[in-house]
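# Following is a predicted model, sequence given first.
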Amino acid sequence: MKSLKIGNLCASMPIVQGGMGVGVSLAGLASAVANQGGVGVISSAGLGAIYNNYSKDYRAASIWGLKEELRKAREASRGIIGVNVMVAMSNFADMVRTAIAEKADIIFSGAGLPLNLPSFLTEGAKTKLAPIVSSARAAKVLCQKWFSEYKYIPDAIVVEGPKAGGHLGYKAEQITDEHYSLETLVPEIVAEVHAFELEHNCRIPVIAGGGIYTGEDIYRIMELGAAGVQMGTRFVTTEECDADPAFKQSYIEAREADIEIIQSPVGMPGRAIHNSFLDRVKEGLKRPKNCPFDCIKTCDVTHSPYCIMLALYNAFKGKLRNGYAFCGANAWRAEKIQSVRELMASLKAEYDNFASRYEGFSLKDKFLGVK
């Protein structure tokens, strides 16, 4: 298995653990992944709800919470620790500034194009910046904008395909369109990035996520030009995942038919595990009385069937009657709870086994599974 280099950072395993809010990936999971040679990622989404004992002010509690999670992760690991910050969050700037001030190794940012992300870097800051995109056009626009306005080149670019969990950067009809599959998107984005690399004499690793589940998946997508992968769903059913055991159990009990696309209150489609809460939403039985957090810029409480922050927070705490679990397309394949160490070892073994079997075969044959 090749290592993943992001600037002067080097992960011995080319695996970025996806940032999963609210509370699903905090210091516990991130440090465990970092200790196994991957890139551990703390999600900054919803920290104000999780740390509301510190302050009833959502934004103040979020800043404190991110500082605490980074501190705990650093105490538990010397590996690479990143932070995921969604552009759509109302406290985007607070979370970016805090991550940089607390010396997070890297910021991953999506749910909108983070066109002004380099503007937050302070003199001497060593935090790397990795935007998350869903198309070659978005990658091109962002690279050109960062370079022309800030003379900054992305340290890495993450492409999330439509099989990812949580909020998706696609229209509903694009989710099942093969023209938007990760296998189609990666070569397109790699080609666009490579053109920028040649023009500016730089290197930008492309990291692919959304539906990556096995070591074989990792090998195949890296053969298409990805320098590494982002995986979220696989890490939910680990001992170190920060979510309640009931949240993890919902993955293990899920059938393929239970994985559904929902319309989120934030105005984007999302992928989740079907449950009674979502049934009540469809029946029109849920209706928020007010907005307790003002957490997402695009969320309008007057037209929202429920508060997404409360729903995801309840799920994180295991109260799935009052919330639901976001998940990737392959969540139904989960069979057991295991340690991050066991998971990473099995992914490496699967990767190495597939690589040895198909050494010398053409790329087409590898994807067709020709023996």
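Received the coordinates, thanks.
# element containing residue 40?
Taking DSSP states H and E as the criterion, the element that holds residue 40 is strand 39-43.
# Which residues does that strand contact?
4, 6, 9, 11, 15-27, 29-34, 66, 69-70, 73, 77, 79-84, 104-106, 108 (C-beta atoms under 8 Å, 6 or more residues apart in numbering). All C-beta spots, glycine's among them, are computed from the backbone N, C-alpha and C.
# make it 6 Å
For strand 39-43, the surrounding residues in contact (C-beta atoms under 6 Å, 6 or more residues apart in numbering) are 11, 16-17, 19-21, 25-26, 30-31, 33-34, 69, 80-84.
# With stretch 11-22 instead?
Residues external to stretch 11-22 that are found in contact with it (C-beta under 6 Å, 6+ apart): 2-4, 25, 33, 37-41, 43, 45-46, 80, 84, 207, 228-232, 235, 312-313, 316.
# Could you pick out the buried ones from the residues you listed?
Burial by neighbour count, judged by 16 or more other C-beta atoms under 10 Å, picks out 4, 25, 33, 37-41, 43, 45-46, 80, 84, 207, 228-232, 235, 312-313, 316 from the contacts of stretch 11-22.
# distance between stretch 311-325 and the chain's centre?
In this view, stretch 311-325 has its centroid 19 Å away from the chain centroid, taken as C-alpha atoms, centre = their mean, to the nearest Å.
# who's in contact with residue 328?
If you count contacts by C-beta under 6 Å, 6+ apart, residue 328 has them with 164-165, 233.
# List the ones among these that fall in helices.
Among these, the members falling in helices (DSSP state H) are residue 233.
# Quick check: the nearest residue to residue 67 once chain neighbours are set aside vs residue 74, distance?
The spatially closest residue to residue 67, leaving aside those adjacent along the chain, is residue 102, at 5.7 Å (C-beta to C-beta, 6 or more residues apart in numbering). Using C-beta to C-beta, to the nearest Å, residue 102 is found at 9 Å from residue 74.
# Let me see the ranges of the strands in the stretch 201-350 of the chain.
Along the stretch 201-350 of the chain, counting by DSSP state E, counting those that start in this stretch, strands occupy 206-209, 228-231, 259-263, 269-273.
# Count the residues that sit near the residue nearest to residue 67.
Taking other C-beta atoms under 10 Å as the criterion, the count of residues near residue 102 is 18.
# can I assume it is in contact with residue 72?
No - at 11.6 Å, residue 102 and residue 72 do not qualify as touching, with contact defined as C-beta atoms under 6 Å.
# partners of the nearest residue to residue 230 once chain neighbours are set aside in the sheet?
Nearest in space to residue 230, with sequence neighbours left out and distances taken as C-beta to C-beta, 6+ apart, is residue 209 at 3.0 Å. Residues found in beta-bridge contact with residue 209 (criterion: DSSP bridges) are residue 160, residue 230.
# What ranges does the stretch 201-350 of the chain have for its helices?
Taking DSSP state H, counting those that start in this stretch, the helices of the stretch 201-350 of the chain run over residues 215-223, 233-236, 245-253, 276-282, 308-316, 340-357.
# now these in JSON lines, with mean pLDDT and distance to residue 329?
Formatted as JSON lines, the helices of the stretch 201-350 of the chain follow (pLDDT from 0 to 100; distance: least, C-beta to C-beta, whole Å):
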{"stretch": "helix 215-223", "mean pLDDT": "97", "distance to residue 329": "12"}
{"stretch": "helix 233-236", "mean pLDDT": "98", "distance to residue 329": "8"}
{"stretch": "helix 245-253", "mean pLDDT": "98", "distance to residue 329": "12"}
{"stretch": "helix 276-282", "mean pLDDT": "90", "distance to residue 329": "17"}
{"stretch": "helix 308-316", "mean pLDDT": "87", "distance to residue 329": "18"}
{"stretch": "helix 340-357", "mean pLDDT": "96", "distance to residue 329": "18"}
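# Of those helices, which stretch is the most buried?
Using mean count of other C-beta atoms under 10 Å, the stretch among the helices of the stretch 201-350 of the chain with the greatest mean number of neighbours is helix 233-236 (a mean of 26).
# Take it, keep the C-alpha atoms, and write them as CSV.
Presented in CSV, the C-alpha positions along helix 233-236 are these (Å, rounded to 0.1, in the frame of the first residue of the first chain):
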residue,chain,number,x,y,z
THR,A,233,-18.9,4.6,6.9
ARG,A,234,-16.3,1.9,7.6
PHE,A,235,-15.1,3.7,10.7
VAL,A,236,-18.6,4.1,12.3
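# How about residues contacting it?
By C-beta under 6 Å, 6+ apart, the residues outside helix 233-236 that reach it are 17, 165, 248, 251, 327-328, 330-331.
# Now render those residues as JSON lines, adding distance to residue 152.
Written out in JSON lines, the entries for these read as follows (distance: C-beta to C-beta, whole Å):
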{"residue": "17", "distance to residue 152": "25"}
{"residue": "165", "distance to residue 152": "29"}
{"residue": "248", "distance to residue 152": "38"}
{"residue": "251", "distance to residue 152": "38"}
{"residue": "327", "distance to residue 152": "34"}
{"residue": "328", "distance to residue 152": "31"}
{"residue": "330", "distance to residue 152": "35"}
{"residue": "331", "distance to residue 152": "36"}
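# Verify the contact between residue 95 and residue 44 for me.
Yes - A contact is recorded between residue 95 and residue 44 when judged using C-beta under 6 Å, the distance being 4.2 Å.
# neighbour count winner among these two?
Regarding residue 95 and residue 44, a neighbour count based on other C-beta under 10 Å identifies residue 44 as having more, with 31 against 27.
# Quickly note the distance from the more buried one to residue 353.
Here the criterion is C-beta to C-beta. By it, residue 44 lies 37 Å from residue 353.
# Same question for residue 254.
Computed with C-beta to C-beta, the distance linking residue 254 and residue 353 is 27 Å.
# Good, we can wrap up now.
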